[in-house]
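Student: here you go, sequence then predicted model.
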Amino acid sequence: MPAADALSWAILLGMLGSCVSLGLAMGFSIAAERAMAPAAGLTLLLSGVVMGRRAGRKHVSAAAVALLQMTLFTILGVTLAYLFAARAEPLWDAGLAAADARLGLHWPGLLAAADRLPAPLLMLSGLAYHSLAVQMVICILVLAATGRIERLRLMVAAAVLAGVATILISGLMPAFGNLFAPSAYRQLWPSVAWLERDLIAGLRNGSLRQLDLSQLMGIVSFPSYHATLPVILAWSLRPIRGAFWPGASWAGLTVMATPLFGGHYAVDVIAGLLLALIAIAAVRPLAASDAGVPGSAGGIRAVQAKGTQAIHGLV
């Protein structure tokens, strides 16, 4: 197994174990009837992996593996974020808002200015923010179709590594987000943080203890994964000149739209960008460890050690 794939699977295994152990300990349950659609989607992706390998179509199987890993990460990651939120640790909103203030950011004035932007620009920015899952799928398909299989595996490994770090940090520094009432503005959409405030409150006060796997919502404020993932996706497309510049431009718009449409503090975005760079730097050596090594044995041994550390860190 290639080293990057081994790292991704090791982290996902650690996340699964953490979700099961924490969920049982905290009295969470899963709405079985609402889990059918996600289960069917995972089964379909697994079938794509098997069929692609049997047919000898490496590009198809690689794309299916990447989609399967990212889908599993989304389900497990959001579930783990819910479980951490249910621990009801002290909120960091005041500290995060103070950090923004030290950067010279006055959010009421910024929001008022944003509300006066041309409607088409706001619409485009909102679409960019809410298209992150579509960006990920397109990136996977482009990398697979162009034969950049190793790059695809590195992208997924970086995304999963950065994602689990995001969840762990947010568990230590929980926050509702930079909330603002949309009724006070003429054009601004309700931010994700505003829409999820009751969900987070229910997790924290104990009134929500059943998971609907068909409607999991990202509740992380700090760091912002909406700032992290677009950078990783754009980086993965860098060898493909025709795809890189459009992808990088759309990624930049997504990051810029994140405070407004995600309800994030500026420091959330800054931390997310730094995390993306760290994750990319961390997975780059995995490509070198696989080079010229049949079966990637050296890479697997290195990743097994890293994966064990990741699992221990989660549990």
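Tutor: It's in. Computed from a predicted structure; not experimentally measured.

Student: count of neighbours near A94?
Tutor: Neighbour count for A94, taken as other C-beta atoms under 10 Å: 10. Just so you know, the C-beta spots here come from the backbone N, C-alpha and C atoms, and that holds for glycine as well.

Student: quick check, pLDDT for it.
Tutor: A94 is assigned 97 on the pLDDT scale.

Student: could I get the full set of helices for the stretch 1-150 of the chain?
Tutor: 3-25, 36-54, 58-85, 93-102, 107-115, 119-130, 132-145, 149-172 (DSSP state H, counting those that start in this stretch).

Student: test my guess that I11 contacts V164.
Tutor: Yes: assessed by C-beta atoms under 8 Å, I11 is found in contact with V164 at 5.4 Å.

Student: ok, the two, which is more surrounded?
Tutor: Counted by other C-beta under 10 Å, I11 and V164 do not tie: I11 has more neighbours, with 26 against 23.

Student: from I138, how far out is the more buried one?
Tutor: 23 Å (C-beta to C-beta, to the nearest Å).

Student: same check, this time on R34
Tutor: Distance of R34 to I138, computed by C-beta to C-beta: 28 Å.

Student: same question for A62.
Tutor: Taking C-beta to C-beta, one finds A62 at 15 Å from I138.

Student: comparing these two, which shows the higher neighbour count?
Tutor: Set side by side, A62 and I138 show more neighbours around A62, with 25 against 16, by other C-beta under 10 Å.

Student: compute the distance between the more buried one and L208, please.
Tutor: 38 Å.

Student: in the stretch 151-300 of the chain, where is pLDDT below threshold?
Tutor: Residues of the stretch 151-300 of the chain that meet the criterion pLDDT under 70 lie in 288-300.

Student: so which residues of it form strands?
Tutor: 210-211 (DSSP state E, counting those that start in this stretch).

Student: surely L233 and M136 touch.
Tutor: Yes: L233 lies in contact with M136 (C-beta under 8 Å); the separation is 6.4 Å.

Student: so which of the two has more stuff around it?
Tutor: Neighbour count, other C-beta under 10 Å: between L233 and M136, L233 has more, with 26 against 22.

Student: and that one, what does it touch?
Tutor: Neighbouring residues of L233 by C-beta atoms under 8 Å, 6 or more residues apart in numbering: 135-136, 139, 155, 159, 247, 251.

Student: kindly present these as CSV, with separate columns for distance to L103.
Tutor: Shown next, in CSV, are the contacts of L233 (distance: C-beta to C-beta, whole Å):
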residue, distance to L103
Q135, 27
M136, 29
C139, 31
M155, 30
A159, 27
G247, 28
A251, 22
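
Student: pull out the buried members of those residues.
Tutor: Buried subset of those (neighbour count, 16 or more other C-beta atoms under 10 Å): 135-136, 139, 155, 159, 247, 251.

Student: ok, which pair from those residues is furthest apart?
Tutor: The distance between the two most remote of these (C-beta to C-beta) is 14.3 Å, for A159 and G247.

Student: picking that back up, list residues touching both of L233 and M136?
Tutor: Counting by C-beta under 8 Å, 6+ apart, the residues touching both L233 and M136 are A159.

Student: L199 and M217 touch, don't they?
Tutor: Yes: between L199 and M217 there is a contact under C-beta under 8 Å: 6.2 Å.

Student: all helices for the stretch 151-300 of the chain, in order.
Tutor: Ranges of helices within the stretch 151-300 of the chain are 192-195, 197-205, 225-236, 241-262, 266-290, 297-314, based on DSSP H, counting those that start in this stretch.

Student: sounds good, over and out.
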